[in-house]
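Peer 1: how would this look folded up:
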Amino acid sequence: MSRKELTAASTTPEAPSLPSPHTSSEEDLYDGDITQVQGLLGSPVDIPWLGAPHDGYPFCASLSSYTQTRLCGAIHSSRDDAALWESSLTFGLLEAITKSQIPESLLLVSVSGERGNGERILSGERIFRLLLAWGKTVYHSRPGPDADPGSKDAWSETGKQVAALLERAVNALSEALDTSPEARRHMAADWRPVDDNLPGALMFMIAPMVHLTQFLWHGFLEINWMPNSIYEGLGSRSTCNYLAITMRVAMLTTCRLTMCRAGWCPYFVPDQRLYTLPTLCLLNLPHLPSYIRSSPDEHNKCTASSCTFYTVDTATYIPHHTTSSCSCEYIKPPLEDVLQLLLEGKVPVVVYDGTELRVQPSTEGPYVAISHVWADGMGSTTEAGLPRCVVERTAGLVRSLLPGTGAFWIDSLCVPGGGELRKRAIKLMASTYQDAEKVLVIDASIRATCSRSQSELETLIRIAASAWNKRVWTLQEGLLARELWFEFIEGPVNIDRRQPTSSAGDDCKESCSILGDMVSDYTSSELFRRHHDDVVPLIDFRIRRSRDTDATLEFWTLMGLLEGRTTSRPEDETLAISSLLTPQIDLNALLSVSEPDLLQERMKAFLIQLRDFPLVFTVMHMPRLSLPLFSWAPRSLTTPDIALGSVSTIGTIISPLLPKGTCTENGLLAQYYAILLDKNIKPPPPDGLLLEEEPSRLFFRLNDDIWASSAIPRRSFVKVLLFMNYTEGSAAGVLGKATKLGSAVAGSITSAFSDDSMLHAHTSESLPLRVDFLCPVSIELIATPPPAGSACPAVEKPHKVWVLLQ
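Peer 2: Predicted coordinates for the structure are as follows:
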């Protein structure tokens, strides 16, 4: 919504004007501890201030009147226009909702340092304190159950007015986030780079207002009374409409900038990982201090795709002592005992008696399996062993869980460094974690930042941000565990049964007694509980599986759980997940693959055993194999496609409906809707490939940026396009649907043939059309027809054919 539209009369009810409004002051800012309440509602971040004049104007009870009163003589440039737009969505919105006049001095503060010298910003903390004070007042003025109908109606009407204001603000932000030149023309062309996160920063202000408003009027109106645009834009991560995506992308931009400035590793904050977090989790992330191992600048060399701490070179790796000053000797179990048990097909476990390590078979009694990441310094092999201090510390944690035996398994002591026996240990890995009495996660950041006394949400966020939650092998270890324990500040905690020492509501009652009842009511409501879903997908899946003991791990679910995880040995990715699927993938077939390219050959062997393969992954943008007949296959299963939302989001919403193909030795056999081009096109064309839908004279472009970034042989020609789905009608209907959903289609070449009639020969599974995979392509509708004479291949109605994609 542009400034012009903000000045127009609203079509939805807004709060009426007040003749003598209250003027807010420091006394109207909530002065208690806001830490716990931030975790419940989310809270604003600091907002760059563009400098529009706010003081000196009469109070306005609507966004349109606020903008209109400030237009005369105030707009001299596009920057002034943007500044007024920002002011109306901050001061204007807050005044209309709180029905009070808010001076600039109450919310604007000067900052120095990275942001500039004395630059003014809107303080996120002061805005939040103002909202809490307003919320407390509104909460305690609610009509009781015995109130007269007139009071209840008036109360409901006030809620509708607040909701209308919030909806209008969200629509204004959605309009600003439209990437088309026409929609963004009102935005300032000369905004400084620091202001690129302005729309997201504004959403960080509006989202807590939405959460608070939902709670305050919950019970007086229908559960779905909140306008759909707000509910969907800020609701479940599985929402895939345009508004939800644009709102979330804007918030991601702000979240990334804020977290990286605060010292977070950029590896944790790229779009792919944050996109899947619930909104309330996202709202809390910028306010959490980063975990620092040694120095504030330790992540300066990290990138969005890798962290220096998580990248382990096994050739130069050295285990860490528990303290930097320790230099104790290494201890290791008797190698021959470990090897003998592995030869017998048994899992070796160790017991530390205070002096040395003794080896015994896992069947001799209960044991604890240790789950850790090598980046924390506990990695090693049976032959090398671990520092005594690490063994003593680990044994002490195990004895607190199993006082009777103290037996434990850890790869660093129970897996040899190489050869056939290492492969045997890997084959036993799944049963090692399945048969363990308990699995204990030891992670440095979780140990330093997680506590029984903190809120459940903060604990889950900290686990989500840990190194343990980003590694491929730990997925298997966490999913197969009978009982999953994490080492917290206080010691081991069973995450499946964790009970904080006091509930979030009780904590808030103690530290924010003035809000007491309001906070307690909110934490016990469904509105609060739903925001905790899926912060850590692995833990959420364990909870859902405990409620449905017959639940199996489908491939699409596994893809969602793998999203964003990595391994120092990419060739081991398929080994780490093969035991998780039903039926299990045969590890022997993967381990028998020989050099020179273990990664690609293992992925090929994995997919052939998997057989059923969702076709959506053939149209997603991800690295692929370079093996003959398998150029369509993903190189890794951990690479999400943010253009389609995310792998896990796709699986959550449409997985049962996704068409599938069959992986064979000769390629992917599947049914597609094929469009044959009337001429060969050699990618990438100069301006993208234009298509003409003949009956309707509509034009579409296959974006050339995808081709330019793909490893396509320069002598290849595009002859056929493959679609997963087709809506009855014209080809334009198919292309239009793809455009609307932001999906991609497969661009391929095929053996030469003359016309569409040749496609009819491939409607049988036994006689598929052989198609050489080139790359995914995205499609957009062209509003203006190309100049006369432009080369535009014509397309007709797609034909459903059997394809052998190679």
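Peer 1: May I see the buried residues of stretch 318-325?
Peer 2: Within stretch 318-325, the residues that count as buried by 16 or more other C-beta atoms under 10 Å are 319-322. The C-beta positions use only the backbone N, C-alpha and C, and glycine is treated the same way.
Peer 1: mind giving me TSV with those and columns for pLDDT and distance to Arg422?
Peer 2: Listed next are these as TSV, based on pLDDT from 0 to 100; distance: C-beta to C-beta, whole Å:
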residue	pLDDT	distance to Arg422
Pro319	94	18
His320	94	23
His321	96	25
Thr322	95	27
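Peer 1: In helices only, show me those.
Peer 2: By the criterion of DSSP state H, membership of these in helices covers no residue at all.
Peer 1: and the two most separated of these?
Peer 2: The two members of the buried residues of stretch 318-325 with the most space between them (C-beta to C-beta) are Pro319 and Thr322, at 10.5 Å.
Peer 1: shared neighbours, these two?
Peer 2: Residues touching both Pro319 and Thr322 by C-beta atoms under 8 Å, 6 or more residues apart in numbering: 387, 390.
Peer 1: name the element the residue nearest to Leu343 when sequence neighbours are not counted belongs to?
Peer 2: Using C-beta to C-beta, 6 or more residues apart in numbering and skipping the chain neighbours, the partner closest in space to Leu343 is Leu421 (7.2 Å). In the assignment (DSSP states H and E), Leu421 maps to helix 419-427.
Peer 1: Which positions in the following helix or strand past that helix come out as buried?
Peer 2: Proceeding N to C from helix 419-427, the next assigned helix or strand is helix 429-435, under DSSP H and E. With burial defined by 16+ other C-beta under 10 Å, the residues of helix 429-435 counted as buried are 429-430, 432-433, 435.
Peer 1: Kindly provide the distance from Asp540 to Cys281.
Peer 2: Note on Asp540: its distance to Cys281, by C-beta to C-beta, to the nearest Å, is 12 Å.
Peer 1: More neighbours: which of those two?
Peer 2: Cys281 (24 against 15; other C-beta atoms under 10 Å).
Peer 1: Without its sequence neighbours, what residue ends up closest to that one?
Peer 2: Val535 (4.9 Å).
Peer 1: Need the pLDDT of the one you found.
Peer 2: According to the predicted model, the pLDDT of Val535 comes to 79.
Peer 1: Next: Met259.
Peer 2: With respect to pLDDT, Met259 has a value of 87.
Peer 1: Please name the residues that touch it.
Peer 2: Neighbouring residues of Met259 by C-beta under 8 Å, 6+ apart: 268-269, 285-286, 290.
Peer 1: And the furthest pair within these?
Peer 2: Across these, the two members that end up farthest from each other (C-beta to C-beta) are Phe268 and Pro286, 12.4 Å apart.
Peer 1: ok but the residue nearest to Cys281 is inside a strand, no?
Peer 2: No - membership of Val535 in a strand is not supported by DSSP: H, G, I helix; E, B strand; the rest coil, which gives coil.
Peer 1: ok, now how distant is it from Cys260?
Peer 2: With distances taken as C-beta to C-beta, Val535 is found 21 Å from Cys260.
Peer 1: ok, these two, which is more surrounded?
Peer 2: Val535 (25 against 17).
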